[in-house]
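Q: Could you work out the structure for the sequence below:
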Amino acid sequence: MQKIVPFLWFDNNAEEAIAFYSSIFKSARTVQANRRGDGTLMSATFELEGQTFMALNGGPHFQFNEAVSLFVNCETQEEVDDLWERLTADGGQESRCGWLKDKFGLSWQIVPTILGELLQDKDERKANNVMQAMLRMNKLDIEALKQAYAQ
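A: The predicted structure follows:
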């Protein structure tokens, strides 16, 4: 069992959110669901790509904000594009530098793994070029980041 588990508070749409996330990630499953007497979901434990989460149908008292986000390492542009499209669908919102909010208001960072390598280059000029390119993007573009690095 994972020692630290992110706990997500939903406004009575946790079951919909779990189904949505499970449709996006290849490795996803509901581990346990706790239901109220009327059959509606009260809380659940689920996994996405080996990461365990807990979800609660807690009502409208608390909202997600950018102070906490889910960071997804992506190996390819195809993976970036697919996750970006699917997570912003049906009312999600794009933001800058690889950030977005899904239709439930949960913040995500969809980031190609190569970005970290390029930003950590010992050549400060190259790393700065990459940073400046990234700051102009919403969805991150691996080829454009590489071009900025090569300048």
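Q: Not counting sequence-adjacent ones, nearest residue to the most centrally placed residue in the chain?
A: Nearest to the geometric centre of the chain sits Trp108, at 3.0 Å (Cα atoms, centre = their mean). Closest residue in space to Trp108, ignoring its immediate chain neighbours: Leu70 at 5.0 Å, by Cβ to Cβ, 6 or more residues apart in numbering. Where you see a C-beta, it was placed from the backbone N, CA and C, and this is true even at glycine.
Q: any idea how this protein splits into domains?
A: Segmentation of the chain into domains, based on automatic domain parsing, reads 1-62, 64-151.
Q: Who does the residue nearest to the centre of the chain form a beta bridge with?
A: Here Trp108 sits in beta bridges with Leu70, Leu100, as judged by DSSP bridges.
Q: Enumerate every residue touching it.
A: Listed by Cβ atoms under 8 Å, 6 or more residues apart in numbering, the contact set of Trp108 reads 69-72, 83, 87, 99-102.
Q: let's go with 10 Å and repeat that
A: Going by Cβ atoms under 10 Å, 6 or more residues apart in numbering, Trp108 touches 69-72, 83-84, 87-88, 92, 95, 98-102.
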